[in-house]
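>>> Sequence plus predicted model, see below.
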Amino acid sequence: METFEFRPILSGLPYQKSNRDGSFCHWLSTIRLSRIILCILVVLVIVPIITHYYLSDVGSEQSKSFHSRNKLDLPDDLGSIKASEVKIRIEEMLRIKMSVNNELRDLEAKRQKLQSEISSLGMKIEELKNEAGRKVIDLDRIKLSISQAEVAHLEILERNQPELRLPAKLEPNPLIDILPMPNHDVESNCSIYSCIDFSRCSLVSNFPVYVYPFNGEGYEERISASLSQTLNYNPHITSNAQEACLFIYVNSSPESELRKNLQNLSHWAGDGRNHIIFHIGFFPKEMPSLISHAVNENSTFGRAMIVQSVFHTYRPHFDLLVPPLLGPPGSDVWYDLPSLTPARRRYLLSYSGHLQSSSEVQKTLEQLTASSTSDEFYFEFQCFHPKNESDSSLCGTVQTRSAVLQQSTFVLIPLPHTDLTSLAVQLRLYEALKYGSIPIMVGNHNAKFLLPYEDVIDWNRAIIKLPTSRLPELHFYIRAVTDRDILAMRRQGRVLWEKYFGSIQSIVDSVIAVFRHRIGIPPPAILDEPSPSVFNETFVPLKTEAAIQDINGDLDENLGPIEPAYPSPKFQRNLTFSLLHGYEMWNTWTHPFHLFPQTPYDPVMPSDAKFIGSGLGFRPIAGGSGGSGKEFSENLGGNIPREQFTIVILTYEREQVLIESVARLNGLPYLHKVVVVWNSPRPPSPDLKWPEIGVEVHVIRTLKNSLNNRFLPYDVIETEAVLSVDDDAHLRHDEIIFGFRVWREQRDKVVGFPGRFHAWDLEHKNWAYNSNYSCELSMILTGAAFYHKYYNYLYSLVMPQAIRDKVDEFMNCEDIAMNFLVSHITRQPPVKVTSRWTFRCPGCPVSLSEDETHFQERHKCINFFVKVYGYMPLLNTQFRVDSVLFKTRIPHDKQKCFKFI
């Protein structure tokens with residue numbers, strides 16, 4: 001019997017592994033061999049049976065499948081198959097094909113749907129990434145704007161410039177106080193500071209001048225009427241004698257009657273202080289009577305200032321020598337002037353006048369005529385019926401003298417031996433400057449001789465002074481003068497003649513301006529042009545939000561902070577401008593008659609001043625430490641305090657094009673305002689939606705359709721920088737900002753994008769307008785150009801009216817006229833900056849500039865403008881401006897100033 005050993009199992013106590021293994025081995029050792037064999041046999045019998053069962057079942061399924069396929073397969077012998085069976089098989093195949101096609105279509109649709117969803121999701125991911133990048137850039141811009149606002153606020157709190165207010169009102173000494181006439185010594189030594197009552201001439205009084213009524217007796221009717229008219233046109237003239245700084249008495253009586261007339265003046269006050277005696281013009285027989293200083297103690301004119309064309313005795317910087325009144329009352333005077341070119345004319349030197357036979361001047365001129373030189377001379381020494389042989393009288397008529405002067409490079413003007421000046425000298429100088437012959441003043445320079453406006457005009461730029469002792473060197477001297485110097489002196493003489501000699505109005509204005517300059521009162525402020533809105537007071541134009549447009553990746557580049565509107569400071573240098581720039585005002589810019597709000601000629605402070613005591617308004621790069629693109633974009637830097645610019649758009653009935661152009665300006669840094677000059681007589685459509693671009697858009701109603709309206713000095717333009725653009729111009733933001741930064745360093749020039757040049761027509765021997773590709777340019781079209789508002793005043797109020805009339809006649813050429821004006825003033829070419837060839841709007845209508853008549857008119861404009869100026873003021877330039885780091889390899893952690901410029 002088999003014996004078994006039972007061991008109790010402890011509940012809840014798990015066996016250890018070693019115990020289990022030992023128990024199994026022990027159990028196995030107790031089993032009999034017969035039982036093991038029996039179990040193996042049972043397994044060998046059952047396993048084959050089960051295997052056979054399952055294999056037979058799979059075989060039956062495969063057989064069914066095989067038979068199903070056989071239904072579709074066609075046998076090799078088709079003749080043995082019935083037609084019905086073939087039909088069944090074909091139908092089955094078509095059904096299967098249709099089912100497969102449906103499944104494929106469903107799968108393709110699902111695949112396309114999945115691909116579309118993937119693409120859509122990818123685009124959304126990219127949009128979200130771009131939007132996130134834009135939001136980051138916008139956030140940086142906002143942070144930058146906030147930091148700029150904080151700096152501006154801090155400047156306001158800590159500004160070191162005191163707020164100015166008008167000074168206390170000066171109390172003038174009453175003119176009822178009668179003072180005795182000064183003695184001869186006091187009268188002869190009168191100066192502005194000893195014989196002028198400054199209490200009547202406040203700095204903020206605008207220099208009021210009172211003119212006594214006069215009837216014109218003793219003057220030619222032409223001069224009398226012109227004086228009355230031009231004196232009333234001057235902005236300083238007042239009808240209130242109580243507020244006047246100076247009093248003008250136009251003398252029309254001989255000196256013997258002058259004393260009585262002066263004493264009868266209502267404000268003479270005994271000694272004539274603050275009075276000007278006008279004694280100019282031609283009297284009967286073309287000989288002026290002179291006011292001479294008294295030789296006794298009974299003085300004639302006391303402390304009054306004398307203005308006349310000839311002096312025997314003269315008080316420097318108190319009296320004033322002026323040219324005779326020979327020109328028209330006013331208006332343009334260019335039409336009777338010859339061209340400045342060629343530099344060397346037919347006659348190298350000319351002289352026409354009576355000279356005594358023993359005169360050293362005549363001997364020298366006769367020797368020149370007899371010399372073996374190729375130079376031509378024109379000398380005429382004998383006159384018929386000379387009026388005053390000792391006065392070197394003129395020969396011939398005005399017509400004959402002008403014909404000779406227009407062919408003379410130089411003209412000789414002998415000075416009187418004793419007098420300070422003479423009528424003949426004045427007439428010779430007047431005619432020489434008018435007809436472009438450079439005066440050579442020959443005389444004894446040990447004695448003082450006078451020239452008109454001598455204390456404000458630099459005559460060394462227009463005439464040659466030659467002592468009599470150097471007459472033998474005369475030919476050598478004038479032959480040594482180069483063509484450049486000849487043309488420069490001839491041009492300066494013409495400018496002086498036009499501004500201060502050419503008309504009665506110019507002489508009257510110059511006289512008053514000289515005395516105002518002597519007393520130290522600023523000129524009157526030049527007036528702005530009103531800017532009436534095209535919308536009436538009750539109409540509110542429709543507004544629409546303009547999206548910030550990403551033009552070729554503009555939004556990926558930070559171009560500067562978005563700041564609140566900041567107008568340029570104006571009239572800050574009222575008192576010092578004449579002191580620092582008085583010479584330029586009278587001799588270079590030749591417009592001392594008005595005070596401008598700003599000019600492009602303000603002095604630049606030393607670089608350390610903006611860090612030490614004078615940093616108000618400056619925005620140095622990275623606070624002064626400098627940097628590349630990132631730091632550059634955050635501040636304007638440069639040598640000028642911060643400022644903004646105004647965009648002026650000229651348009652005519654192209655509403656949609658205009659709206660798109662305005663909308664593109666949304667988000668533009670440093671933009672102060674957009675001014676739209678609406679040139680159409682019809683107002684904009686009432687349903688036109690104007691985009692909101694973050695700055696004011698002012699639409700100006702014009703009086704007439706004129707291209708000159710583009711350059712009117714509108715009062716809504718409150719910045720020095722003006723960007724003039726056409727309504728179809730298409731400029732990127734980075735181009736505009738780069739152009740603005742360049743203009744800040746070239747403030748007196750036209751800075752812009754599309755360049756043109758003036759070409760010499762070899763066939764017709766005149767000038768032609770050229771827009772072909774060239775390596776030289778001389779003009780920048782004002783359809784996309786920066787310039788200073790100062791030139792708006794000069795264009796509209798100072799430039800000859802004939803040019804503006806020609807622009808209106810052709811409805812063309814206003815951009816050429818502006819380039820002529822700026823080059824004439826600066827004698828510099830314009831500046832072209834890099835653009836990305838996006839100047840013209842690709843979707844805009846065809847421009848008038850593509851018409852052939854447009855170019856023909858521009859050819860005519862250029863040649864007409866040359867005639868007005870007397871020469872071609874345009875100058876060529878052969879370079880354009882790129883940003884500093886353009887095409888420069890920089891480290892990967894640095895940025896360029898601009899990505900594409």
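Cool, the structure landed. Treat the numbers as computed from the prediction; the structure is a model and nothing was measured. Numbers count the residues shown, from 1 in each chain.
>>> Could I get the buried residue list for whichever strand or helix holds Q399?
If you go by DSSP states H and E, Q399 is part of helix 398-405. Within helix 398-405, the residues scored as buried using 16 or more other C-beta atoms under 10 Å are 401-402, 404-405. Where C-beta positions appear, they are placed from N, C-alpha and C, glycine not excepted.
>>> So which of these is the closest to F535?
S402 (55.4 Å; C-beta to C-beta).
>>> quick one: the nearest residue to that closest one once chain neighbours are set aside and L365, what's the gap?
The shortest distance from S402 to any non-neighbouring residue, by C-beta to C-beta, 6 or more residues apart in numbering, is to Y435 (5.5 Å). Using C-beta to C-beta, to the nearest Å, we find Y435 at a distance of 20 Å from L365.
>>> Please apply the same query to F449.
20 Å.
>>> Provide the partner residues of the residue nearest to the spatial centre of the chain in its beta bridges.
What sits nearest the mean C-alpha location of the chain, by C-alpha atoms, centre = their mean, is Y787, with 0.4 Å. Beta-bridge partners of Y787, counted by DSSP bridges, are V722.
>>> Correct me if wrong: it contacts V822.
Yes: using C-beta atoms under 8 Å, Y787 is in contact with V822, at 7.0 Å.
>>> Which residues are in contact with each of these two?
749-750 (C-beta atoms under 8 Å, 6 or more residues apart in numbering).
>>> Near the residue nearest to S402, how many other residues are there?
23 (other C-beta atoms under 10 Å).
>>> Same check on L595?
18.
>>> give the contact list for L128.
Contacts of L128 (C-beta under 8 Å, 6+ apart): none.
>>> Scan this protein for its longest helix.
helix 83-158 (DSSP state H).
>>> any idea how far it is from the chain center?
Helix 83-158 sits 48 Å away from the centroid of its parent chain (C-alpha atoms, centre = their mean, to the nearest Å).
>>> pLDDT averaged over it - what is it?
Helix 83-158 carries an average pLDDT of 83.
>>> so after it, what's the next helix or strand?
Later in the chain than helix 83-158, the nearest helix or strand by DSSP H and E is helix 184-188.
>>> how far out from the middle of the chain is that following helix?
On C-alpha atoms, centre = their mean, the centre of helix 184-188 falls 52 Å from that of its chain.
>>> What of stretch 702-716?
16 Å.
>>> For I737, see how far away L671 is.
For L671, the distance to I737 - C-beta to C-beta - is 10 Å.
>>> Mind picking out the helix or strand in the chain with the poorest mean pLDDT?
Using mean pLDDT, DSSP states H and E, the weakest-scoring helix or strand in the chain turns out to be helix 17-30, at a mean of 58.
>>> What about the spatially closest residue to I178 that is not a sequence neighbour, how many residues nearby?
Distance criterion C-beta to C-beta, 6+ apart; nearest residue to I178, sequence neighbours excluded, is G270 at 3.9 Å. Residues within reach of G270, counting by other C-beta under 10 Å, total 15.
>>> thought G270 was touching L262?
No: in this structure, G270 is not within contact of L262 by C-beta under 8 Å, at 10.2 Å.
>>> Overlap of the contact sets of those two?
With contacts defined as C-beta under 8 Å, 6+ apart, the residues shared by G270 and L262 are G302.
>>> Any stretches of the stretch 551-700 of the chain with poor pLDDT?
For the stretch 551-700 of the chain, residues meeting the criterion pLDDT under 70 lie at 551-556.
>>> where do the helices sit along it?
577-587, 629-634, 655-663 (DSSP state H, counting those that start in this stretch).
>>> Now distance to D761 and mean neighbour count too, for those, in CSV please.
Output for the helices of the stretch 551-700 of the chain, formatted as CSV (distance: least, C-beta to C-beta, whole Å; neighbours: other C-beta atoms under 10 Å):
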stretch, distance to D761, mean neighbour count
helix 577-587, 34, 17
helix 629-634, 45, 19
helix 655-663, 35, 19
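>>> Turn these into JSON lines, including distance to I486.
Shown next, in JSON lines, are these (distance: least, C-beta to C-beta, whole Å):
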{"stretch": "helix 577-587", "distance to I486": "18"}
{"stretch": "helix 629-634", "distance to I486": "47"}
{"stretch": "helix 655-663", "distance to I486": "48"}
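>>> can you tell which of those helices is closest to L231?
That would be, of the helices of the stretch 551-700 of the chain and by C-beta to C-beta, helix 577-587, which comes in at 21.4 Å.
>>> How about exporting the closest one as PDB, limited to the C-alpha atoms?
Extracted as PDB, the C-alpha positions of helix 577-587 are listed here (Å, rounded to 0.1, in the frame of the first residue of the first chain):
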ATOM      1  CA  PHE A 577      18.600 134.600 -35.400                       C
ATOM      2  CA  SER A 578      19.500 138.000 -36.900                       C
ATOM      3  CA  LEU A 579      22.700 138.200 -34.700                       C
ATOM      4  CA  LEU A 580      24.000 134.800 -35.800                       C
ATOM      5  CA  HIS A 581      22.600 134.700 -39.300                       C
ATOM      6  CA  GLY A 582      22.300 138.300 -40.300                       C
ATOM      7  CA  TYR A 583      25.000 138.000 -42.900                       C
ATOM      8  CA  GLU A 584      23.300 135.000 -44.600                       C
ATOM      9  CA  MET A 585      19.900 136.700 -44.300                       C
ATOM     10  CA  TRP A 586      21.100 139.600 -46.400                       C
ATOM     11  CA  ASN A 587      23.700 138.000 -48.700                       C
END
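>>> mind checking how far that helix is from the chain centre?
Counting by C-alpha atoms, centre = their mean, helix 577-587 comes out at 22 Å from the chain centroid.
>>> what does that helix contact?
Contacts for helix 577-587 (C-beta under 8 Å, 6+ apart): 453, 456-458, 461, 492, 517, 520, 522-523, 573, 591-592, 595, 599, 601, 603.
>>> Just the buried residues of those.
By 16+ other C-beta under 10 Å, the contacts of helix 577-587 give 453, 456-457, 492, 517, 522-523, 573, 591-592, 595, 599, 601 as buried.
>>> can those go into a markdown table with extra columns for distance to P316?
Formatted as a markdown table, these follow (distance: C-beta to C-beta, whole Å):
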| residue | distance to P316 |
| --- | --- |
| Y453 | 13 |
| V456 | 13 |
| I457 | 14 |
| Q492 | 23 |
| H517 | 15 |
| P522 | 24 |
| P523 | 23 |
| R573 | 28 |
| H591 | 25 |
| P592 | 20 |
| L595 | 26 |
| T599 | 30 |
| Y601 | 29 |
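>>> Sort out for me which of those residues are in strands.
Using DSSP state E, no member of the buried ones among the contacts of helix 577-587 falls in strands.
>>> quick one: which of these is nearest D761?
Among the buried ones among the contacts of helix 577-587, and counting by C-beta to C-beta, the member closest to D761 is Q492, at 28.7 Å.
>>> what mean pLDDT does stretch 794-808 have?
96.
>>> Name the residues that touch that stretch?
331-332, 334-335, 526, 529, 591, 706-708, 711-713, 813-814, 817-818, 820-821, 825, 861, 864-865, 868.
>>> Now, the residues you listed that are in helices?
Using DSSP H, the contacts of stretch 794-808 in helices are 814, 817-818, 820-821, 825, 861, 864-865, 868.
>>> Select only the buried ones of the residues you listed in PyMOL?
This is the PyMOL syntax for the buried subset of those, where burial follows 16+ other C-beta under 10 Å:
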select buried, resi 814+817+818+820+821+825+861+864+865+868
